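In: Fold the following.
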Amino acid sequence: MFSPGDRVRISPNYHWAQGAVGTVTLPPETARQLVQDQAPWTGCHRHVKGAQRLIEFYWVWFDEPQMDVDGDGPYKGGEIEADALDLLAEE
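Out: Predicted coordinates:
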């Protein structure tokens with residue numbers, strides 16, 4: 001669905017980084033190592049088994065660091081559900 005280099009906006013209804021803009025990229029090595037035994041990254045995305053379905057996530061580096069819902073951060077990037085991403089038109 002998304003490719004490395006795609007510019008995206010996170011939905012204002014997502015549980016964190018609402019409305020943030022960023023770039024889809026490969027995740028950092030530390031993020032890949034953390035989940036390699038459960039739901040490994042394939043390029044810039046991964047699939048996680050949810051209660052009802054597989055959930056697709058993409059790694060996004062934010063233009064501006066973001067705080068999470070617990071007030072932790074700021075984070076320069078993170079995994080975001082595909083359903084919460086909107087592709088931005090090229091400038």
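
In: Sketch out the strands for this protein, chain order is fine.
Out: Using DSSP state E, the strands of the chain run over residues 7-10, 21-24, 45-49, 54-66, 75-81, 85-87.

In: buried residues in the longest one?
Out: For strand 54-66, a neighbour-count test (16 or more other CB atoms under 10 Å) marks 56-62, 66 as buried. (C-beta placed from N, C-alpha, C; glycine too.)

In: what's the angle from it to strand 45-49?
Out: Computed by axes from the mean of the first three to the mean of the last three CA atoms, to 10 degrees, the angle separating strand 54-66 from strand 45-49 equals 120 degrees.

In: For the closest residue to His15 other than its chain neighbours, give me the pLDDT.
Out: Of all residues not flanking His15 in the chain, Val69 sits nearest, at 5.6 Å (CB to CB, 6 or more residues apart in numbering). On pLDDT, Val69 comes in at 88.

In: what does Met1 give?
Out: Here the pLDDT value assigned to Met1 is 87.

In: Return the residues in contact with it.
Out: Shown in contact with Met1 (CB atoms under 8 Å, 6 or more residues apart in numbering): 45, 56, 58, 82.

In: pLDDT below threshold where in the protein?
Out: Low-confidence segments of the chain (pLDDT under 70): 91.

In: Would you mind measuring from Ile80 to Ala20?
Out: Ile80 sits 9 Å away from Ala20 when distances are taken as CB to CB, to the nearest Å.

In: Am I right that Thr25 is in contact with Gly43?
Out: No - here Thr25 does not reach Gly43: they are 9.7 Å apart, not a contact under CB atoms under 8 Å.

In: Who has more neighbours out of those two?
Out: Thr25 (17 against 14; other CB atoms under 10 Å).

In: OK, contacts around the more buried one?
Out: Contacts for Thr25 (CB under 8 Å, 6+ apart) come out as 4-5, 44, 59-61, 77.

In: Need the CA coordinates for stretch 32-48. CSV is fine.
Out: C-alpha atoms of stretch 32-48 as CSV (Å, rounded to 0.1, in the frame of the first residue of the first chain):
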residue,chain,number,x,y,z
ARG,A,32,13.2,-4.7,13.9
GLN,A,33,15.0,-6.7,16.5
LEU,A,34,12.3,-6.1,19.1
VAL,A,35,9.6,-7.9,17.1
GLN,A,36,11.6,-10.3,14.9
ASP,A,37,10.2,-13.4,16.7
GLN,A,38,6.5,-12.3,16.8
ALA,A,39,5.6,-10.2,13.8
PRO,A,40,8.8,-9.3,11.8
TRP,A,41,9.1,-6.3,9.6
THR,A,42,9.1,-6.8,5.8
GLY,A,43,10.6,-3.7,4.4
CYS,A,44,8.7,-0.7,5.8
HIS,A,45,5.7,-2.6,7.1
ARG,A,46,4.6,-5.6,9.2
HIS,A,47,1.4,-7.5,10.1
VAL,A,48,0.3,-8.0,13.6
